[in-house]
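Peer 1: Got a predicted structure plus its sequence, pasted below:
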Amino acid sequence: MSTRTTTGSRVITVIVVLWLLIGLAAAAQRNYFAGSDATCAKVGTTLVTIVAGPLNYIGANPKIDCSAPQPSK
């Protein structure tokens, strides 16, 4: 393995970690971790916000809307 490949991998890893940390900060600022109700929509929106990372600070506001079928009575 060459030094260039190792250095490139480290740079990519650092960029990905920073990207996700910025997304985590955006989710925390939007209070997505407050409360105990873990609905499909809330979990999905939180995960998409984290993955969107810095895009949150240039106007992205991802929302997930999901619904599950209701049980029959």
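Peer 2: Looks like it arrived, so ask away.
Peer 1: tally of neighbours for residue 40?
Peer 2: Neighbourhood size, residue 40 [other C-beta atoms under 10 Å]: 12. The way it works is simple: take the backbone N, C-alpha and C, and place the C-beta from them, glycine included.
Peer 1: In space, what's closest to it - neighbours in sequence excluded?
Peer 2: Spatial nearest neighbour of residue 40, chain neighbours left out: residue 66 (4.3 Å); criterion: C-beta to C-beta, 6 or more residues apart in numbering.
Peer 1: and that neighbour, how many neighbours?
Peer 2: Residues near residue 66, counting by other C-beta under 10 Å: 10.
Peer 1: Please apply the same query to residue 50.
Peer 2: So residue 50, with other C-beta under 10 Å, has 21 neighbours.
Peer 1: Could you do the one 3 residues further on as well?
Peer 2: The burial count assigned to residue 53 is 20, neighbours taken as other C-beta under 10 Å.
Peer 1: mind checking the SS state of the residue nearest to residue 40?
Peer 2: coil (DSSP: H, G, I helix; E, B strand; the rest coil).
Peer 1: The protein: helices as residue ranges?
Peer 2: 3-29, 40-52 (DSSP state H).
Peer 1: CSV please, covering these and showing distance to residue 60.
Peer 2: Shown next, in CSV, are those (distance: least, C-beta to C-beta, whole Å):
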stretch, distance to residue 60
helix 3-29, 9
helix 40-52, 5
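Peer 1: Return the most buried member of those.
Peer 2: Compared across the helices of the chain, helix 40-52 shows the largest average neighbour count, a mean of 17 (mean count of other C-beta atoms under 10 Å).
Peer 1: Could you give the separation of it from the chain centroid?
Peer 2: 6 Å (C-alpha atoms, centre = their mean, to the nearest Å).
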